[in-house]
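*Asks:* Give me a 3D structure for the following:
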Amino acid sequence: ARHTVYAKGMLVSRSAYGLAPPWAYFAWVVADSAHLRLTASREQLVDDEALEDARAAVGERVRAWLDDLARHAPTRFAAFVSAHAMGLRSVATTDGFVLGLVVEHVPFETTQGPRTLAQLADLGVPVRYTRTVDQYHALADVAASQGVVLVNAGYAYEEEVLSAFLASPALGGSGADIALVDPARLLDSFSPCSPTEEAEAAGLMLAARRAIDPRDCEVVMRRFEPATMPALYLPDPDLAGRQIARASKEAASGVWAQLLGIDDPFARTRPPRMVLNRTNPLIARLAALDAGGAVAAQVLRGLYVQCLLQGRQALGPKERAWAGQVLGALIDAALDHPRKDGP
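*Replies:* Numbers count the residues shown, from 1 in each chain. The predicted structure follows:
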């Protein structure tokens with residue numbers, strides 16, 4: 001912030017720097033520099049020991065003001081935190097005092113509503129966080145059904161603040177059951193289908209491989225809650241890089257294609273997965289259909305597009321075309337079998 005400085009009652013500058021500590025970026029200081037030295041141009045303060053002492057004193061006053069505001073004017077303090085949440089998170093990664101302030105007072109988006117890190121650490125249940133907003137929206141309902149509190153750490157500085165909190169024994173973060181969500185472990189927590197159900201769905205799984213390129217998405221079937229959710233999309237954190245690498249290799253030819261394939265950093269990553277929910281009535285009916293028919297492929301692609309949209313994933317040209325085909329089929333069905341209202 002820029003501060004206003006006077007020298008023995010005379011205005012020196014309205015844009016002076018260095019009077020407040022870096023973490024107190026929101027503070028505006030008006031000071032008389034009777035005991036502070038000015039530069040030769042008399043437009044700024046000399047950054048010496050006296051200015052350092054002044055900065056420390058200003059920092060103590062700001063800390064006292066924040067403590068007083070939190071205790072005696074919680075509404076105003078909440079408004080301050082809301083207005084400066086982003087800035088406080090950015091400073092919290094390098095300043096212990098602000099980190100403690102953020103841990104106690106700045107809420108994160110969670111499946112249990114807004115919660116501070118201090119509140120999350122005291123829940124007594126597993127807490128997992130996502131690195132992206134899209135992954136949070138894709139996994140929120142299922143994580144809640146599994147008794148896991150999911151935290152959205154996809155906004156600026158949130159993951160850094162979480163990491164700093166978890167590394168701080170003084171703030172209670174080192175003992176908290178908070179960790180990065182692992183979609184693979186979430187999949188492992190789902191109940192497997194029975195042998196009879198697997199045999200019944202064998203044709204459907206084969207149809208899924210034909211309808212949806214396994215390089216784009218691997219389709220599997222499990223049992224999980226809520227039963228109202230027909231399918232779940234488990235995104236791949238490295239999806240963007242993997243798609244770019246694959247597109248580059250497909251566009252290349254000759255020696256360039258060979259060079260691009262020498263060391264692909266995304267070659268060993270698994271593709272995203274769409275998990276069909278066997279407890280859902282729609283999936284149960286789909287498994288009993290003729291898997292070789294066009295209906296199964298269309299439904300699978302429709303579910304895939306729906307999962308992408310629910311998870312706020314970007315649709316490529318192929319997925320947009322499938323969305324148009326599914327919508328067209330629904331319109332055709334509505335026109336072929338119009339609903340009769342009234343007697």
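*Asks:* how near is residue 159 to residue 27?
*Replies:* The spacing between residue 159 and residue 27, counted by C-beta to C-beta, to the nearest Å, is 27 Å. C-betas here are computed from N, CA, C, even on glycine.
*Asks:* I figured residue 204 hits residue 295, correct?
*Replies:* No: in this structure, residue 204 is not within contact of residue 295 by C-beta atoms under 8 Å, at 11.3 Å.
*Asks:* Among those two, which residue is more densely surrounded?
*Replies:* Neighbour tally, residue 204 and residue 295, criterion other C-beta atoms under 10 Å: the higher count belongs to residue 204, 22 against 14.
*Asks:* OK, contacts around the more buried one?
*Replies:* Counting by C-beta atoms under 8 Å, 6 or more residues apart in numbering, residue 204 touches 221, 276, 286, 287, 289, 291, 296, 300.
*Asks:* I'd say the second one and residue 229 touch.
*Replies:* The reference is to residue 276. No: counting by C-beta under 8 Å, residue 276 sits too far from residue 229 to count as a contact (10.2 Å).
*Asks:* So for the two, which residue has more residues nearby?
*Replies:* Taking other C-beta under 10 Å, residue 276 and residue 229 do not tie; residue 276 has more neighbours (25 against 18).
*Asks:* Can you verify the more buried one is assigned to a strand?
*Replies:* Yes: per DSSP: H, G, I helix; E, B strand; the rest coil, residue 276 lies within a strand segment.
*Asks:* What residues are recorded as beta-bridge partners of it?
*Replies:* Under DSSP bridges, the beta-bridge partners of residue 276 are residue 221, residue 231.
*Asks:* Distance of it relative to residue 207?
*Replies:* Going from residue 276 to residue 207 by C-beta to C-beta gives 11 Å.
*Asks:* Next: residue 160.
*Replies:* To residue 207, residue 160 is 44 Å away according to C-beta to C-beta.
*Asks:* Show me which of those two is the more surrounded one.
*Replies:* Shown here are residue 160 and residue 207; by other C-beta under 10 Å, residue 207 has more neighbours (24 against 15).
*Asks:* what's the pLDDT at the more buried one?
*Replies:* Residue 207 is assigned a pLDDT of 90 by the prediction.
*Asks:* which secondary structure element contains it?
*Replies:* Taking DSSP states H and E as the definition, residue 207 sits inside helix 202-211.
*Asks:* Enumerate the positions of that helix that are buried.
*Replies:* Neighbour counts over helix 202-211 (16 or more other C-beta atoms under 10 Å) mark 203, 204, 207, 208, 211 as buried.
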